[in-house]
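>>> how would this look folded up:
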Amino acid sequence: VSGSTTWADATGWTMAPTSYPYTNLGAASGQTYTFTSGTPLPSTVIGVRVAGQVHTNNVSWAVYVKEVKAYTGGGGTPPPSDLGTGNYWHSLQNSGSNANRGTERIIVDGNLTTNYVLPENGPNDIGKWQAAGITWFSGTRTGINSVKFHNGTFGINDNGCFTVGENVRVQYQPATGSDPTSNPWTNAVGWTIDRPYPYNSGASGQVYTFSGPPLNNNLPVVGIRVIGQVRTNDISWAISVREVEAFVGSTKISSLNRQESLQLQINDKTIPDASISVFPNPVKDGWITINLNGAEKDNKVDMYLSDLSGRIVFKNNFTSNGNTELINVGNVQPGLYVLQITSATSKFSTKIIVE
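Numbering: from 1, shown residues only. So this is what the prediction gives:
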């Protein structure tokens, strides 16, 4: 759970099949085991894992994993990992600093009713900076031209907003060097806010949109954040955040709302033919390779790309050769899409990012 460094066992959960063949060499090979419970995990969960012991003097010295998937039955819907990790920064000496970074899923969970109040700047931190944003640890993003900052409502000790005028801004981390997520932050050039930020309780529960030319001159970035100063001798010692969202054009590439998250999880469940694969992901040069691995040979195959509202933005069809098909999606705008491949006998669905 958020704020913890240890893992806790899920209580009241059952496994299907009901037993795992620990000592039967090969019996678990290729099998799927489903753990379920009528009681959802706590809303503060930031990770799940399947754990067990391995004896190095026994039949197996290590586990072999194909996939671990998490599903919701209508409760909390944490975003897929490729949509970014919610981060915050506090008590920064200067606006370019990457110090004092923490992780908080509320910043990207798609729930616009819950708040996260950052740790208060200390009594000696007058005028230091705080920020909230998104880091893509598993890849880069290009073309981001707007960011929405959902200011939370005021919380404990009346904390909730930036308090120094003319300083709130959007920054990005350029994808350069061996560890780009450690790079200093750079101010977005030519960006504006849709209306003045009040630097007082008038920001409570409000949404502010920042926009401008594509960040980093349309070169890759690994993070974005909204940053400003907080005076600990003023009305608020920390900011409150509901959500930070990043957009390429009108396409959101960060958090999903709850309905979208659930729909993508439903799509992920309906993949009967695990032999089909799609690469590269993200799509960087406009071409997708569909590896059929012998599936659907001589059958007509339909391929669709749809955005998160369900609107089909690209479609194609071909007669399968059972091997690979190369498809050009170069006219599709950058963003997150659901790719579906259907035939008379099967259906495959997955999420892809077009850059």
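>>> make it CA atoms for all contacts and neighbour counts henceforth
Noted.
>>> shaky segments in the stretch 151-300 of the chain?
155-158, 165-166, 232-235, 255-275, 293-298 (pLDDT under 70).
>>> at 80 what do you get?
Applying pLDDT under 80 to the stretch 151-300 of the chain flags residues 155-159, 164-166, 231-236, 255-277, 292-299.
>>> List the buried residues in stretch 180-188.
P180, T181, S182, N183, W185, T186, N187, A188 (16 or more other Cα atoms under 10 Å).
>>> And for stretch 285-292?
Buried residues in stretch 285-292, counting neighbours by 16+ other Cα under 10 Å, are found at G286, I288, T289, I290, N291, L292.
>>> hmm, back to that, in strands, which of the buried residues of stretch 180-188 appear?
T186, N187 (DSSP state E).
>>> As CSV, the buried residues of stretch 180-188 with distance to V313 would be great.
Putting the buried residues of stretch 180-188 into CSV (distance: Cα to Cα, whole Å) gives the following:
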residue, distance to V313
P180, 32
T181, 32
S182, 36
N183, 36
W185, 35
T186, 34
N187, 33
A188, 30
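>>> could you pull out the helices for this protein?
For the chain, the helices defined by DSSP state H cover 258-269.
>>> And the closest residue to P280 other than its chain neighbours, how close does it get to S277?
Leaving out its chain neighbours, the residue that sits closest to P280 by Cα to Cα, 6 or more residues apart in numbering is I288, at 6.5 Å. Going from I288 to S277 by Cα to Cα, to the nearest Å gives 10 Å.
>>> One more: Q93?
Distance of Q93 to S277, given as Cα to Cα: 47 Å.
>>> got it, and G12?
G12 is 35 Å from S277, where distance means Cα to Cα.
>>> Also T44?
Distance check for T44 against S277: by Cα to Cα, it reads 33 Å.
>>> Ok, V241 next?
From V241 to S277 the distance is 38 Å (Cα to Cα).
>>> can you check V65 too?
Distance from V65 to S277, by Cα to Cα: 17 Å.
>>> out of the two, which sits in the busier spot?
Neighbour tally, V65 and S277, criterion other Cα atoms under 10 Å: the higher count belongs to S277, 16 against 8.
>>> Do I have it right that the more buried one meets N291?
Yes: using Cα atoms under 8 Å, S277 makes contact with N291 at a distance of 5.2 Å.
>>> so who does the nearest residue to P220 once chain neighbours are set aside touch?
Leaving aside its sequence neighbours, P220 sits nearest to T142 (Cα to Cα, 6+ apart; 4.7 Å). Contacts for T142 were tallied using Cα atoms under 8 Å, 6 or more residues apart in numbering; they are P214, L215, N218, L219, P220, V221, E355.
>>> Not counting its neighbours along the chain, what's nearest the fourth one?
Setting aside the residues directly before and after it, L219 is nearest to T142 in space (Cα to Cα, 6+ apart), at 5.8 Å.
>>> Ok, the second one next?
On the basis of Cα to Cα, 6+ apart, the spatially nearest residue to L215 that is not a chain neighbour turns out to be I144, at 5.7 Å.
>>> what's the burial count for that neighbour?
Residues near I144, counting by other Cα under 10 Å, number 28.
>>> before we move on, what about the one 5 residues further on?
Using other Cα under 10 Å as the criterion, F149 is surrounded by 22 other residues.
>>> That one touches S204, doesn't it?
No: if you go by Cα under 8 Å, F149 and S204 don't touch, sitting 11.7 Å apart.
>>> neighbouring contacts of stretch 173-192?
Residues from elsewhere that reach stretch 173-192 (Cα under 8 Å, 6+ apart): 95-98, 135, 137, 140, 169-172, 210-213, 215-216, 219-224.
>>> Just the CA trace of that stretch, in PDB.
Output in PDB follows, covering the C-alpha atoms of stretch 173-192 (Å, rounded to 0.1, in the frame of the first residue of the first chain):
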ATOM      1  CA  GLN A 173      12.500  15.900 -18.400                       C
ATOM      2  CA  PRO A 174      14.300  15.300 -21.700                       C
ATOM      3  CA  ALA A 175      15.100  11.700 -22.700                       C
ATOM      4  CA  THR A 176      18.800  12.100 -22.800                       C
ATOM      5  CA  GLY A 177      21.700  10.200 -21.100                       C
ATOM      6  CA  SER A 178      21.800   6.700 -19.500                       C
ATOM      7  CA  ASP A 179      19.300   7.500 -16.800                       C
ATOM      8  CA  PRO A 180      16.900  10.200 -18.200                       C
ATOM      9  CA  THR A 181      14.600  10.100 -15.200                       C
ATOM     10  CA  SER A 182      17.400  11.600 -13.100                       C
ATOM     11  CA  ASN A 183      17.800  14.600 -15.400                       C
ATOM     12  CA  PRO A 184      17.100  18.200 -14.200                       C
ATOM     13  CA  TRP A 185      13.800  19.600 -15.200                       C
ATOM     14  CA  THR A 186      13.300  22.200 -18.000                       C
ATOM     15  CA  ASN A 187      10.600  24.800 -18.300                       C
ATOM     16  CA  ALA A 188       8.100  24.400 -21.200                       C
ATOM     17  CA  VAL A 189       8.800  27.300 -23.600                       C
ATOM     18  CA  GLY A 190       5.900  29.200 -25.100                       C
ATOM     19  CA  TRP A 191       3.300  27.600 -22.900                       C
ATOM     20  CA  THR A 192       0.300  29.400 -21.300                       C
END
